[in-house]
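*Asks:* predicted model and sequence below, questions to follow.
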Amino acid sequence: MSDPILAVTDLRVSYGRVEAVRGVSFAAEQGSLVTLVGANGAGKSSVINAVSGMLRPAGGRITFEGNDVTRTPAHKLVARGLVQVPEGRQILSTLTIEENLRMGAWHTGSTAQQSIDAMYDRFPVLAQRRALPAGALSGGEQQMLAIARALVAKPTVMLMDEPSMGLAPKIVDEVFRVIGEIRASGTTVVLVEQNARRALRAADHGYVLQSGEVVHSGPAADLLADERIVEAYLGIEGGSERP
Ligand SMILES: Nc1ncnc2c1ncn2[C@@H]1O[C@H](COP(=O)(O)OP(=O)(O)OP(=O)(O)O)[C@@H](O)[C@H]1O
Ligand SMILES: [Mg+2]
């Protein structure tokens, strides 16, 4: 791969004596959609949280736009365009929708309101309810708010941790449509999903994680076409597959 916008080499994450991530490497080319898939506890969130600066890796190297950011804190990465939509949305439910969006745009200065208004155009449901507490939104609407809050930060790389989790199939479609639009706009997307088939269908490149290690990787279409991989790692997702 020539000159990836994000490259992770031999990443290690530990929680005390638990080695959650044991030497994971992956890379994302500019404008691509890369997915990390794997079962519960495989280490997906640990990888993504280390990349976004939310937790400090025990080892390895992370480069973003050619610069070493292994020890760069999250708020600095956000200001540089590496932005995460966290697992479980993490919206601030007692603040209004507008306030949540303002928090996402904290570093964008005088253009913040313009970006927020652009999100209202894009997600009318947020516009109608901008003055309501975010906790009043449905799960799907909260996910849209979490995505909008990341977008107002003007990401060049967007990290998304299980954006489809706990949502009804119709809303999952909506989330994947928005992810496709984000990628089509030129933003690089790193998508973590348990919904592996769905994520691989949307992705250019995929990495299958198991017990903190990458056990398979390659073009997403190749992973999907490999019966052994599908059976061994992606089989349980068959239930959520729709025609
Ligand atoms: N704060 C923590 N303290 C101790 N162990 C943790 C902590 N967070 C995660 N772990 C452990 O690290 C391993 C990887 O967890 P992680 O959350 O990264 O997996 P995941 O692939 O995101 O799982 P899920 O699909 O359930 O979100 C698991 O064994 C988990 O129990
Ligand atoms: Mg997780």
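*Replies:* That came in fine, so what should we check first? Numbers count the residues shown, from 1 in each chain. Ligands and ions are numbered 1, 2, ... in the order given.

*Asks:* now the helix or strand in which Ala118 is found: average pLDDT?
*Replies:* Assigning secondary structure by DSSP states H and E places Ala118 in helix 112-122. When pLDDT is averaged over helix 112-122, the result is 94.

*Asks:* okay, and the residue positioned nearest the centre of the chain sits in which element?
*Replies:* The centre of the chain sits closest to Met160, judged by Cα atoms, centre = their mean, with a distance of 1.1 Å. If you go by DSSP H and E, Met160 is part of strand 157-161.

*Asks:* whichever helix or strand comes after that strand packs against which elements?
*Replies:* Once the chain leaves strand 157-161, the next helix or strand it forms, by DSSP H and E, is helix 169-184. On a contact count with 3 or more Cβ pairs under 8 Å, 6 or more residues apart in numbering; DSSP states H and E, helix 169-184 meets helix 139-151, strand 188-193, helix 196-202. C-beta coordinates here come from the backbone N, C-alpha and C atoms, glycine included.

*Asks:* which one of these lies nearest to ligand 2?
*Replies:* strand 188-193 (6.6 Å; Cβ to the ion).

*Asks:* neighbouring contacts of the closest one?
*Replies:* Defining contact as Cβ atoms under 8 Å, 6 or more residues apart in numbering, one finds that strand 188-193 is touched by 5-6, 28-37, 44-45, 47-48, 51, 87, 156-164, 179, 182-183, 199, 202-203.

*Asks:* rewinding a little: how about the helices and strands packed on helix 169-184 in TSV, adding mean pLDDT?
*Replies:* Shown next, in TSV, are these (pLDDT from 0 to 100):
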stretch	mean pLDDT
helix 139-151	95
strand 188-193	96
helix 196-202	94
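
*Asks:* lowest-confidence helix or strand of the protein?
*Replies:* Scoring the helices and strands of the chain by mean pLDDT, DSSP states H and E places helix 227-229 at the bottom, with a mean of 85.

*Asks:* and that helix, how far out from the chain's middle?
*Replies:* How far helix 227-229 lies from its chain's middle: 25 Å, per Cα atoms, centre = their mean, to the nearest Å.

*Asks:* so that it lines up with my notes, have the first residue be 119 from now on.
*Replies:* Sure, I'll start counting at 119 from here, so that last one is helix 345-347.
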